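Asks: Need the 3D shape of this:
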Amino acid sequence: MRVRAPSFWWREPGLAAASLAPLAAIYAKIAGKRLTGVGHRIGIPVVCVGNLTLGGSGKTPTALAVARILIAAGERPWFLTRGYGGRERGPLVVDPNKHRAEDVGDEPLLLARLAPTVVGRDRPAGALLARDLGASSIVMDDGFQNPSLDKQLSIIAIDGRHGIGNACVFPSGPLRAPLHQQLGRAQVLIVVGDIALAASTIAIAKAHGLAVFGAQLKPDPEAVKLLAQAPVLAFAGIGHPDKFFTTLLEAGIRLGLSRGFADHHGYTPAQAGRLVAEAERHGLNLVTTEKDWVRLRDDPRLGTLAQRTRALPVRLVLDREQDFTDVLRSALSAHRCAPACDRA
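Replies: Below you'll find the model as predicted:
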């Protein structure tokens, strides 16, 4: 079972954060040095979607949105991901008909619905496999802090409500590395949710020259219609379960009960039984995220919960999609003209 991020990460720095400051300083030095690494070039553009913090930020929906734009532009994007939570090291191509969440992780199964997806702990090896199999570009879901691949565009997604928390580096806070060093290696910041709540982070990002965009997670209208017919028991094992519960409420779905778990939570048969029993006792329908549902679907021990639960699909919608598309196309074009420019 994975441990949920401590609550003090998302408040002003206090005693708990200060007590961990010596460890945070060591971690920050190591993580900051790692960011300076020079990555392998694989001959096709690499677009990386990452986050500044540990925990959920809307990274996977952002990666899906990037791939949709590339597909519409005639590209053949392939996803590349570490496959967090899966046992396979790769590199391998994800087969949704063969692989389960315990094999490759939950997020790769969602990505593979849209475009071919490679799981690889060794990022360069995974990218080369995708290139050799016909990818014209790579969309990395996570890996921003991994320096092993040369990236043509690094996009940071942050949650507007939680932002960067107390702005401290792990373990004093949620930052994966010092903020300024991370922003210095990115070109785009996407704020998912209320952009006004992230004003301070946006100001720092703009000072580093990042283009800033707002975005919203929009639930599937047909799924909302079905779920709005009766009150629900909502459960989620994601970075910030409260985001999912808020999405339900804002969509007009009556939230009878909510149960939050740690990110990538592995549900046990006992927990599944309690959720089903609780829903029956209160006359509630069960609903969860797509990421949670693929973990339920793949575990035969959780069959009853999976059968009784409906997933709510969401899609990232950019506030200025055309402007973002222009930034994306410009990065790809610059990469492709570089050899010709070098020869000139």
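Asks: tell me the contacts of Ala115?
Replies: Listed by Cβ atoms under 8 Å, 6 or more residues apart in numbering, the contact partners of Ala115 are Ala67, Ile71, Pro77, Trp78, Phe79, Val139. To be clear about C-beta, it is placed using only N, CA and C from the backbone, and glycine gets the same treatment.
Asks: now the host helix or strand of the fourth one, how far from the centre of its chain.
Replies: Spelled out, that is Trp78. Assignment of secondary structure by DSSP states H and E places Trp78 within strand 77-81. Once both centres are worked out by Cα atoms, centre = their mean, to the nearest Å, strand 77-81 turns out to sit 13 Å from its chain's centre.
Asks: What are the contacting residues of that strand?
Replies: In this structure, residues lying in contact with strand 77-81 by Cβ under 8 Å, 6+ apart are 46, 63, 66-67, 70-71, 105, 107-108, 111-112, 114-120, 123, 126-127, 130, 133-143.
Asks: Can you tell me which of those end up in helices?
Replies: Where the contacts of strand 77-81 overlap with helices, as defined by DSSP state H, the overlap consists of Ala63, Val66, Ala67, Leu70, Ile71, Glu107, Pro108, Leu111, Arg123, Gly126, Ala127, Ala130.
Asks: Glu107: neighbouring residues, count only.
Replies: Number of residues near Glu107 (other Cβ atoms under 10 Å) recorded here: 28.
Asks: cool, Trp9 as well?
Replies: Applying other Cβ under 10 Å, we find 24 other residues in the vicinity of Trp9.
Asks: Which pLDDT value goes with it?
Replies: Confidence per residue is given as pLDDT, and for Trp9 that number is 93.
Asks: my guess is Phe8 contacts Ser19, does it?
Replies: No: at 10.1 Å, Phe8 does not count as touching Ser19 under the criterion of Cβ atoms under 8 Å.
Asks: More neighbours: those two, which one.
Replies: The residue with more neighbours, out of Phe8 and Ser19, is Phe8; 18 against 12, by other Cβ under 10 Å.
Asks: is it fair to say that one lies in a helix?
Replies: Yes: under the criterion used here (DSSP: H, G, I helix; E, B strand; the rest coil), Phe8 sits inside a helix.
Asks: quick one: buried residues of stretch 12-27?
Replies: When burial is assessed from 16 or more other Cβ atoms under 10 Å, stretch 12-27 yields the following buried residues: Pro13, Ala16, Ala17, Leu20, Ala21, Ala24, Tyr27.
Asks: domain parsing for the protein?
Replies: Using automatic domain parsing, the domains assigned to the chain come out as 9-75+136-217+317-337, 221-312.
Asks: can you tell me the distance between the two ends of the last one?
Replies: It stands for domain 221-312. One end of domain 221-312 sits 10 Å from the other (Cα to Cα, to the nearest Å).
Asks: how about stretch 275-289: buried residues?
Replies: Neighbour counts over stretch 275-289 (16+ other Cβ under 10 Å) mark Leu275, Val276, Glu278, Ala279, Leu284, Asn285, Leu286, Val287, Thr288, Thr289 as buried.
Asks: which residues are in contact with that stretch?
Replies: Stretch 275-289 is touched from outside by 227, 230-236, 238, 244, 248, 253, 256-257, 259, 296, 304-305, 308-312, 314, with contacts defined as Cβ under 8 Å, 6+ apart.
Asks: Low-confidence ranges, the protein, go.
Replies: Where the chain drops to pLDDT under 70, the residues are 1-4, 338-344.
Asks: try it again with 50
Replies: Flagging of the chain using pLDDT under 50 yields the residue ranges 1, 342-344.
Asks: ranges for the strands of it?
Replies: Here the chain has its strands, by DSSP state E, at 46-50, 77-81, 92-93, 117-119, 137-141, 153-159, 188-192, 211-219, 232-237, 255-261, 285-289, 309-312, 314-318.
Asks: Redo those strands as TSV? Include distance to Arg329.
Replies: Converted to TSV, the strands of the chain look like this (distance: least, Cβ to Cβ, whole Å):
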stretch	distance to Arg329
strand 46-50	11
strand 77-81	13
strand 92-93	27
strand 117-119	22
strand 137-141	11
strand 153-159	10
strand 188-192	13
strand 211-219	13
strand 232-237	35
strand 255-261	39
strand 285-289	31
strand 309-312	32
strand 314-318	14
